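In: Quick one: sequence plus predicted model below, questions after.
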There are 2 protein chains.
Amino acid sequence: MPSTPDPPRPPGPSGDARRPASQQGMRRQNLALVLGMIAEHGPLSRADVAVRTGLTRAAVSSLVVSLHQAGLVVELGPAPSGRVGRPGHALVLSSTGPAGLGLEVGVEHLAVCVADLSGEVRAQLRVAAANRGRPAAEVLAELTGLAERVLGEAAALGLRPAGAVMAVPGLVDAASGEVVHAANLGWRGLRLPELLLGLRLEAGNEANLGALAELWHGGPGGPADFVHVSAESGIGAALVVGGRLFPGARGFAGELGHVPVHPEGPGCPCGARGCLEQYAGEGAVLAAAGLPQAPGDWVGLLAKRAAEGAAPVLAALEQAGAALGTALAGAVNLVDPEAVVLGGAYAELGEWLLPEMRRELAERVTVRPWEPGALTVSALGRGGPLLGAALVTVRRVLEDPGGLLPLPD
Amino acid sequence: MPSTPDPPRPPGPSGDARRPASQQGMRRQNLALVLGMIAEHGPLSRADVAVRTGLTRAAVSSLVVSLHQAGLVVELGPAPSGRVGRPGHALVLSSTGPAGLGLEVGVEHLAVCVADLSGEVRAQLRVAAANRGRPAAEVLAELTGLAERVLGEAAALGLRPAGAVMAVPGLVDAASGEVVHAANLGWRGLRLPELLLGLRLEAGNEANLGALAELWHGGPGGPADFVHVSAESGIGAALVVGGRLFPGARGFAGELGHVPVHPEGPGCPCGARGCLEQYAGEGAVLAAAGLPQAPGDWVGLLAKRAAEGAAPVLAALEQAGAALGTALAGAVNLVDPEAVVLGGAYAELGEWLLPEMRRELAERVTVRPWEPGALTVSALGRGGPLLGAALVTVRRVLEDPGGLLPLPD
């Protein structure tokens, strides 16, 4: 499933070729450069930052003053230096101040969290909620109540979220932010309020946010180009390309669940035949496993039965793994990712899904190199979308501190 | 088939967040801004350029001096102005000076062309050549001879290509530029010479270059996000995203020919079963049409027989269209393009392929909006890859004139 919460942003530090470069733009770009360096490599002295960025020490000092005033960096106090001269004060990201608020509407739960600039979750709440077919206004009211409590906790820790992003299991229009269709909630054409408790609110697709959490959580060094597959009520995927979510032309990229696996296969509620969801989606797997479709933790149930060695469950997961592998083989041939990550709730079924997925990928991805180890299981699992929702705001602050904060200049 | 000729470039005008912004970088960015404005909207007076870019007239004048000295823009002479003051001299792209050299190695032909800054082909040659299994050194020697003649013609027109790009029907490693595998030529692990007649030489995949030609040829206004399908000996696709070729992590994106269509279908030489090429590739279509597989213009032959109403040919093209549609439905669900373009030699079969392709797409792309008209046929057809190869260099010059040319400052 699709859509990226990447709506119109202020002109950022990465330079828009359609507008002239300016002194102000340069300062903004350099603020991001310095903050990014501290985020990635801190603690760093001003001298270290100057060496790593190529900026002068005077420029770094001036930029650090702004970042400090904005509550983005703090000094750890004098650190011993191996070099001649004054010992440098070590700069690190602030553990108070600007933060991100993440919200999640699941089919059977609601959740809220606040993450700080380091990406650490500092406050969170998760409650069971039967949201299938429930009026959206009621869902949002309950979620707002939870958010109020989490924001209260965050405030007590000195954290001030700069924006709110809500993960939903459905299509979100990238340009308008409208929830086009969330079948399992019964939402269609839903426009969210612009503000939630005074914070700008945006919707994002849960599969996309899960992928972003995977990308950002591991820090630098992990793959920057991968297909992230997740499943809860439907099967979604998200493409991460060059360290960015790939939204597609309209924000609908990643509809892996409706990629044809057997073109003449069983009919799908979407109107087509033989879609991946007919082989690896909730209903198909439960039916093949001989289990009833009922509210609750069906993934946990499947994992339990599979671990007990229940033959129909093992066979159902094997079939689902093969279908996932076939659909992903097409995706890999088309998109050429570095890796494929199985995330979301299905991460808990990895032990039984992976062997067939790997076999199909090995058999069908032959015209370019493919290693079985390039298919991995996410460590975040079903916690991904909520974390990703909170991190969207954190990343925006880190990537363009000048866009958010009042700056002298 | 994949790979983009987009190898390491000098730091461009679009701003690298890892290095500090500088005065020199600003000038470089503004040179690209002014040149791009003239390319897109010329003829323009300096005053028009200043209004459209937001730069001062003094800055525009200084930048234009550099662009003029580098042979990139010329003045058409005084143009009447509706405004008070001196009439402005109209600036346009130069039709002499910097240009792009394109080369193409086909299975049965060789071709070379030179395109000027406006993207117009000013000199070209195309010869029949039986390249299947022919030693690469021999192919390159013949191609170099052709290039020498085309460069001679171009020089007589005052054109000086700034780089050479060669279209090949195979996988090209984006990082190293190595031709990893071109099955129909019998090339494997081929490293091209770095220079060809004094010009820096790069290889690019023919399907990618055809897609770029499609993108750039139409000028602004056409779709910036599309899947371009092309077929000659194999079936390749290229993804264009946000007006850029999407290379994939290793430059191998777009392997549509090996997307599974019927997972238990006939074996493919790639080792898998039921790949798209087994239904819509040259061999499959000719066999289904009851025609022998022989060197020559098989696409032209199919078109002729189809136009005559030969039933087995019509049925073969219908089957191929359905398979293309199924594979593309997966691609559209996954990548969410604005449009799908049928290019390369298959553009000539559009009349017979399109109905089934459209039917499959309509049936299988249902969870997001899809219009039948979003599938179109390229006007460039088999001329695309060679044009695209020449335009790569032209676009680089336009997008970063400061990276190519000696500049005062």
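Out: Great, that's in hand.

In: Going by C-alpha atoms from here, please, whenever you check contacts or count neighbours.
Out: Noted.

In: do the helix or strand of chain A with the lowest mean pLDDT and chain B meet at all?
Out: Ranked by mean pLDDT, DSSP states H and E, the weakest helix or strand in chain A is helix A:401-404, scoring a mean of 81. No - judged by Cα under 8 Å from any Cα of the partner chain, helix A:401-404 stays clear of chain B, getting no closer than 12.9 Å.

In: And the helices in the stretch 101-250 of chain A?
Out: Assigned by DSSP state H, counting those that start in this stretch, the helices in the stretch 101-250 of chain A fall at A:136-156, A:206-217.

In: Comparing these, which yields the minimum mean pLDDT?
Out: With a mean of 92, helix A:206-217 has the lowest mean pLDDT of the helices of the stretch 101-250 of chain A.

In: Now do it: which elements does it pack against?
Out: In terms of contacts (3 or more Cα pairs under 8 Å, 6 or more residues apart in numbering or on different chains; DSSP states H and E), helix A:206-217 is packed against strand A:159-168, strand A:226-231, strand A:235-241, strand A:244-246, strand A:339-344, helix A:384-399.

In: Same list (the helices of the stretch 101-250 of chain A) but as JSON lines, adding mean neighbour count.
Out: Listed next are the helices of the stretch 101-250 of chain A as JSON lines, based on neighbours: other Cα atoms under 10 Å in any protein chain shown:
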{"stretch": "helix A:136-156", "mean neighbour count": "16"}
{"stretch": "helix A:206-217", "mean neighbour count": "28"}
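
In: Columns distance to B:C270 on top of these, output as a markdown table?
Out: A markdown table is the format used below for these (distance: least, Cα to Cα, whole Å):
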| stretch | distance to B:C270 |
| --- | --- |
| helix A:136-156 | 50 |
| helix A:206-217 | 31 |
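
In: want to throw the helices and strands packed on helix A:206-217 into TSV with distance to chain B and mean pLDDT?
Out: What follows is the helices and strands packed on helix A:206-217, written out as TSV (distance: least, Cα to the nearest Cα, whole Å; pLDDT from 0 to 100):
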stretch	distance to chain B	mean pLDDT
strand A:159-168	16	96
strand A:226-231	8	91
strand A:235-241	8	91
strand A:244-246	8	89
strand A:339-344	9	94
helix A:384-399	9	96
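
In: returning to that earlier point: just the buried residues of the least confident helix or strand of chain A, please?
Out: Using 16 or more other Cα atoms under 10 Å in any protein chain shown as the burial criterion, the residues of helix A:401-404 that qualify are A:P401, A:G402, A:G403.

In: Need the residues you listed in a markdown table (columns: distance to A:S45).
Out: As requested, the buried residues of helix A:401-404 are exported to a markdown table (distance: Cα to Cα, whole Å):
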| residue | distance to A:S45 |
| --- | --- |
| A:P401 | 19 |
| A:G402 | 21 |
| A:G403 | 25 |
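
In: Residue of the stretch 101-250 of chain A closest to chain B, please.
Out: Among the residues of the stretch 101-250 of chain A, A:G248 lies closest to chain B, at 4.6 Å counting by Cα to the nearest Cα.

In: quick check: angle from the helix ranked longest in chain A to strand B:235-241?
Out: The longest helix of chain A (DSSP state H) is helix A:311-335. Orientation check (axes from the mean of the first three to the mean of the last three Cα atoms, to 10 degrees): helix A:311-335 against strand B:235-241 gives 80 degrees.

In: ok so, going back, now the helices and strands packed on helix A:206-217 in TSV, with mean neighbour count and distance to B:L361?
Out: As requested, the helices and strands packed on helix A:206-217 are exported to TSV (neighbours: other Cα atoms under 10 Å in any protein chain shown; distance: least, Cα to Cα, whole Å):
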stretch	mean neighbour count	distance to B:L361
strand A:159-168	25	27
strand A:226-231	28	23
strand A:235-241	27	19
strand A:244-246	22	22
strand A:339-344	26	26
helix A:384-399	27	30
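
In: JSON lines please, covering those and showing distance to B:G257.
Out: Putting the helices and strands packed on helix A:206-217 into JSON lines (distance: least, Cα to Cα, whole Å) gives the following:
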{"stretch": "strand A:159-168", "distance to B:G257": "34"}
{"stretch": "strand A:226-231", "distance to B:G257": "20"}
{"stretch": "strand A:235-241", "distance to B:G257": "21"}
{"stretch": "strand A:244-246", "distance to B:G257": "23"}
{"stretch": "strand A:339-344", "distance to B:G257": "20"}
{"stretch": "helix A:384-399", "distance to B:G257": "34"}
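
In: can you tell me which of these comes nearest to A:C268?
Out: strand A:235-241 (12.8 Å; Cα to Cα).

In: helices and strands around that closest one, which ones?
Out: Strand A:235-241 packs on helix A:206-217, strand A:226-231, strand A:244-246, going by 3+ Cα pairs under 8 Å, 6+ apart.

In: Mind listing residues that contact the second one?
Out: Right, the one you point to is strand A:226-231. A:207, A:210-211, A:235-241, A:281, A:337-347 (Cα atoms under 8 Å, 6 or more residues apart in numbering or on different chains).

In: about what we covered before: nearest to A:L317, of the helices and strands packed on strand A:235-241?
Out: Closest among these, once you apply Cα to Cα, is strand A:226-231, at 13.4 Å.

In: Note down every partner strand of the closest one and its orientation.
Out: When sheet partners are counted by DSSP bridges, strand A:226-231 sits next to strand A:235-241 (antiparallel), strand A:339-344 (parallel).

In: what residues go with each domain of chain A?
Out: By the record's domain assignment, chain A is partitioned as A:23-95, A:99-212+A:385-397, A:223-381 (automatic domain parsing).

In: distance of the residue of the stretch 101-250 of chain A closest to chain B from A:G344?
Out: 21 Å (Cα to Cα, to the nearest Å).

In: Could you tell me which ranges of chain A sit under the pLDDT cut-off?
Out: When residues are selected by pLDDT under 70, those of chain A lie in A:1-21, A:78-88, A:219-220, A:232-233, A:404-409.
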